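*Asks:* Quick one, what's the 3D model for this:
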Amino acid sequence: MGMVDDVLGELKGKIDNTLDHLRRELAKLRTGRASTAILENVRVEYYGTPTPLSGVASVSVPEARLIVIKPWDKSVLSGIEKAIFDANIGVTPMNDGEIIRLAFPALTEERRKDIVKQVKAKAEEFRIAIRGERRDANENLKMLADEKEITEDEHRHAQELVQKQTDAGITKVDEIQAAKEKDVMTV
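*Replies:* Model (predicted):
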C-alpha cells in the first residue's frame, strides 16, 4: 500500500496548502476591524526597488479600527502613502510627517453583505480546487490500478479514503467561511 499512501499523503498536503491559502485570501478582505494582513501586498518604492511595507516600516494596530505605520526612514513617508493609494484598499492614509494612520470606518450593513458575498465566492473557488485535487488523486490511483501496481480492492478502498479526505477538506472550508462571515457581520 506504499504507493497508495504516497497518493493520499500528497492529497493531504495539497488540501492543507489550499486551506492555508484560503485563510490568507480571506484575511485580506476588509472587515470592521483593522488588520495588518490588508497591507500584505503593498509594495513601497524604496531606493528604486519595490519593497514590502514591512521592510521599510513597523506596522501596528493600536486600536480596533486603526493601523499605524511608522517608517524607519522618514524620507520614505510619501512613498508609503503613494503605495497605499495605489493598493486601493479603500482607506485614505493620513500622514502627519512622522507616521501614517489608516482609520477604518465602521462598515455599513450593505457593505458587510457585499463582503459576505465575496467570502462565499472565495470559499467556493477553494472547494472547487479541493475537488480538482481529488480528481488528480483518483487519476493517479486509476493509473496504479491500470498498471497492476495495486489490486482492484485496494483501488476501491483508496478511492474511499480520497473521498473522506476531500470531504474533510470541504468541511474545513465551510468552517473557515462561517467564521469569516461571523467576523464580518459582527458590529
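*Asks:* tell me the domain boundaries of the chain?
*Replies:* Structural domains assigned to the chain are 2-28+108-185, 36-103, following automatic domain parsing.
*Asks:* In TSV, list these along with mean pLDDT.
*Replies:* Shown next, in TSV, are those (pLDDT from 0 to 100):
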stretch	mean pLDDT
domain 2-28+108-185	91
domain 36-103	85
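*Asks:* Please produce JSON lines containing those, extended by mean neighbour count.
*Replies:* For glycine as for every other residue, the C-beta is placed from the backbone atoms N, C-alpha and C. Shown next, in JSON lines, are the domains of the chain (neighbours: other C-beta atoms under 10 Å):
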{"stretch": "domain 2-28+108-185", "mean neighbour count": "16"}
{"stretch": "domain 36-103", "mean neighbour count": "15"}
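*Asks:* quick check: longest helix of this protein.
*Replies:* helix 109-146 (DSSP state H).
*Asks:* Show me what whichever helix or strand comes after it is packed up against.
*Replies:* Remark: after helix 109-146, the chain's next helix or strand is helix 152-185, criterion DSSP states H and E. Counting contacts by 3 or more C-beta pairs under 8 Å, 6 or more residues apart in numbering; DSSP states H and E, helix 152-185 is packed against helix 2-28, helix 109-146.
*Asks:* between helix 152-185 and helix 2-28, how many degrees?
*Replies:* Between helix 152-185 and helix 2-28, the angle comes out at 10 degrees (axes from the mean of the first three to the mean of the last three C-alpha atoms, to 10 degrees).
*Asks:* follow-up on the earlier one: would you format the helices and strands packed on helix 152-185 as TSV with distance to residue 84 included?
*Replies:* TSV is the format used below for the helices and strands packed on helix 152-185 (distance: least, C-beta to C-beta, whole Å):
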stretch	distance to residue 84
helix 2-28	14
helix 109-146	20
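*Asks:* wait, which of those is closest to residue 79?
*Replies:* helix 2-28 (21.5 Å; C-beta to C-beta).
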